[in-house]
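Participant: sequence first, predicted model second:
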Amino acid sequence: MENIFIFLYSYKEAIFIIVLAIFLGFEVISHVPSILHTPLMSGANAISGVSIIGGIILLGHADLSTVSLNLVLGTLAVLFGTLNVAGGFVVTDRMLEMFKKKPKKQ
């Protein structure tokens, strides 16, 4: 328990910045109009694509004979990045369907 307090005390500035970024990000995203949602999803997909590439590079340097931290983190980065990109494309597709004109009934 003492080690946790030492860790929190030594990284208090970084923890403060992360918590502040979480609150700021939540406020910014909650006030985004729906018309801007699709371009923002495209940007998020690009960032997730970068994390997928980073995970693949990390997996390329991992020692496959043992379970190492590189192997676990690389696998998680590729898995979660891929899920995020696929989900982003699904949400973007649904948003774009909302803007298409409905066919007129005859």
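Facilitator: Yep, that arrived.
Participant: CA only for contacts and neighbour counts going forward, please
Facilitator: Noted.
Participant: next, the buried residues of the lengthiest helix in the chain.
Facilitator: Longest helix of the chain, by residue count under DSSP state H: helix 69-98. Residues 70-71, 74-75, 77-78, 81-82, 84-85, 88-89, 92 are the ones in helix 69-98 that count as buried (16 or more other C-alpha atoms under 10 Å).
Participant: do the same with stretch 54-67
Facilitator: For stretch 54-67, the neighbour count (16+ other C-alpha under 10 Å) marks G54, G55, I56, L58, L59, A62 as buried.
Participant: correct me, but A62 touches N70?
Facilitator: Yes: using C-alpha atoms under 8 Å, A62 is in contact with N70, at 5.4 Å.
Participant: in the protein, what spans have low per-residue confidence?
Facilitator: The chain contains residues with pLDDT under 70 at 37-38, 106.
Participant: what strand or helix carries the most centrally placed residue in it?
Facilitator: Most central in the chain under C-alpha atoms, centre = their mean is S48, positioned 5.5 Å from the mean C-alpha point. Applying DSSP states H and E as the criterion places S48 in helix 37-60.
Participant: and the angle from that helix to helix 69-98?
Facilitator: 160 degrees (axes from the mean of the first three to the mean of the last three C-alpha atoms, to 10 degrees).
Participant: now do helix 37-60: everything it contacts.
Facilitator: Identification of contacts with helix 37-60 by C-alpha atoms under 8 Å, 6 or more residues apart in numbering yields 70-71, 73-79, 81-82, 84-85, 88-89, 92, 95-96.
Participant: give me the three-state assignment for D63.
Facilitator: Here D63 is coil, with the state taken from DSSP: H, G, I helix; E, B strand; the rest coil.
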